[in-house]
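Asks: Requesting a structural model of the entry that follows:
(4 chains)
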Protein chains: 2
Amino acid sequence: MGDTGAQTPRERYRAQVQAEIKERAWEQIATAGVPALSLNAVAKQMGMSGPALYRYFAGRDELITELVRDAYRSLADTFRAASDTGADLAGLAHALRDWALADPQRYFLIYGTPVPGYHAPEDTAGLADQIMTTLLDACTALAEDRPATAFSTHLEGDRHWAEGHPAPPTALHRALTFWTRLHGVLSLELAGHFTGMGFDPALLFAAELDDLLSPRA
Amino acid sequence: MGDTGAQTPRERYRAQVQAEIKERAWEQIATAGVPALSLNAVAKQMGMSGPALYRYFAGRDELITELVRDAYRSLADTFRAASDTGADLAGLAHALRDWALADPQRYFLIYGTPVPGYHAPEDTAGLADQIMTTLLDACTALAEDRPATAFSTHLEGDRHWAEGHPAPPTALHRALTFWTRLHGVLSLELAGHFTGMGFDPALLFAAELDDLLSPRA
DNA sequence: AGGTTCCGTTAGAAGCTATCACGAAACCCC
DNA sequence: GGGGTTTCGTGATAGCTTCTAACGGAACCT
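Replies: Residues are numbered from 1 along each chain as shown, chains lettered A, B, ... in the order given. Reported below is the predicted structural model:
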């Protein structure tokens, strides 16, 4: 993943242990959710005693923060990769869905219930911007003149979204609805709110995507 | 709230203490989220010692389950009250938004990140059905013929949604998009994902609602 | 090889959930 | 109103957690 390049053997080892800690943490989160993440359990699983992990992470919160960072990076990379291979909005949508289904708890780590006190670190904002930028690029690439909505004119005001991306407000409006609608379907699906209702969530997702792509008044 | 009617004084007292426990629990959840809910802290806040609470709730999980139940009941009542006072889809949307903004953590308790192991108790399904029913009623009350979509024909199949509600599949499709789209905007807003983007989430919500209500091909 | 830096350990404090056994208070019934 | 029963709240205890601190030893760099 990261640059594990030419370093001292100490740094190599350190990075390797850090990576294994995060891997075990991901396993625990995937199977039992964030609240069940236990540093002690991770340590024991790696064959060492609890406090040893504090050499690598200042505490549980910093480990989780690092996992949040990785999740953001993973989604940003997935989006960028899809975009680089010529994916349009539909391609991004499917990339998003696949990424979310691959590890629901990773999705919720970014878009799930926030902890009131906690604030994401600074650099995640950069990743979020990167995600939004590729989404905006795909929206402007459509270059299909959409009529200005009441909301898009509102967006005209102070446009400090996405570092001043050169997209028309209508494109930003579309990007936002793309985000919120797909998140609406995805999060409810991943949370299991559709189970027992007797329909295929994938088709609802597809229906929302179709509506997003359909040109209309 | 519930029927605290003619009971023995013991049951009166018991119900009162249970209510206060839940109130303190709600305060903790509202300010620090579910993971910070501590039975010990609740007990100390009420002037009694930790294990006393186990006379009223079997454990932390049962208390949370009860809070989930209350949250469902509260939303179902809010929806029913709005519907009874003649609210249409827009009215339900605003009722939902007000209810969510009044206590974001209560909203997330229902629609937030699920704990992989945990499964909501049986009777919450009934409340969820009740919510869906009022939503479906409002959708069918529109009685505006929408063209059958690919998804609505898919819904035609096994229709065991909402206890066999007598609504056309197009109405159910609309109800589902109502749910997913508004949840998409609301959850991202409540989670703070729009902060710093320089637009008013209420207007995005309104835009989505407008799109939901606009009759179109 | 010597000196420093880093790693992992054990011990311990403070917090939590949850169980148990006990005393005491409140209730119900006669 | 007194006696028996039920219920409540307590302190003690076990086991878990995060996290700090002090110590021994290994690995590294010069």
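
Asks: Spell out which parts of chain A neighbour DNA strand C.
Replies: For chain A, the residues in contact with DNA strand C (C-beta under 7 Å from any atom of the strand) are A:10, A:13-14, A:17, A:43, A:47-52, A:55-56. Where C-beta positions appear, they are placed from N, C-alpha and C, glycine not excepted.

Asks: The lowest-mean-pLDDT helix or strand in chain A close to chain B?
Replies: One helix or strand of chain A scores below all others by mean pLDDT, DSSP states H and E: helix A:150-156, with a mean of 89. Yes - Helix A:150-156 comes into contact with chain B (C-beta under 8 Å from any C-beta of the partner chain), by way of A:150-151, A:154-155.

Asks: who are the neighbours in contact with A:Phe79?
Replies: By C-beta atoms under 8 Å, 6 or more residues apart in numbering or on different chains, the contact set of A:Phe79 is A:92, A:95-96, A:130-131, A:134-135.

Asks: try it again with 7 Å
Replies: A:92, A:95, A:131, A:134 (C-beta atoms under 7 Å, 6 or more residues apart in numbering or on different chains).

Asks: Please apply the same query to A:Pro121.
Replies: A:Pro121 is in contact with A:65, A:69, counting by C-beta under 7 Å, 6+ apart.

Asks: Now the two most distant members of the residues of chain A next to DNA strand C.
Replies: The span of those, defined through C-beta to C-beta, is set by A:Arg10 and A:Gly50 at 22.4 Å.

Asks: Give the residue from the two that has the larger number of neighbours.
Replies: Between A:Arg10 and A:Gly50, A:Gly50 has the larger neighbour count (other C-beta atoms under 10 Å in any protein chain shown), namely 13 against 8.

Asks: For the residue lying closest to A:Gly157 once chain neighbours are set aside, grab the count of nearby residues.
Replies: Among residues not flanking A:Gly157 along the chain, B:Gly198 sits closest, at 7.2 Å (C-beta to C-beta, 6 or more residues apart in numbering or on different chains). Residues within reach of B:Gly198, counting by other C-beta under 10 Å, total 13.

Asks: what about A:Pro168, distance to A:Arg216?
Replies: A:Pro168 sits 18 Å away from A:Arg216, taking C-beta to C-beta, to the nearest Å as the criterion.

Asks: Where do the strands of chain A begin and end?
Replies: Counting by DSSP state E, chain A yields no residue ranges for strands.

Asks: before we move on, the earlier item: helices - which of the residues of chain A next to DNA strand C land there?
Replies: By the criterion of DSSP state H, membership of those in helices covers A:10, A:13-14, A:17, A:43.

Asks: picking that back up, of the residues of helix A:150-156 next to chain B, just say which sits nearest to B:Leu172.
Replies: The closest of these to B:Leu172 turns out to be A:Phe151 (C-beta to C-beta; 27.1 Å).

Asks: Output the contacts of A:Phe79 in a markdown table; the columns should cover distance to DNA strand D.
Replies: Output for those, formatted as a markdown table (distance: C-beta to the nearest atom of the strand, whole Å):
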| residue | distance to DNA strand D |
| --- | --- |
| A:Leu92 | 36 |
| A:Ala95 | 33 |
| A:Ile131 | 29 |
| A:Thr134 | 35 |
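
Asks: so how many other residues sit close to the closest residue to chain B within chain A?
Replies: Using C-beta to the nearest C-beta, A:Gly184 is the residue of chain A that sits closest to chain B, at 2.7 Å. For A:Gly184, the tally of surrounding residues (other C-beta under 10 Å) stands at 27.

Asks: Same check on A:Leu209?
Replies: Applying other C-beta under 10 Å, we find 21 residues neighbouring A:Leu209.
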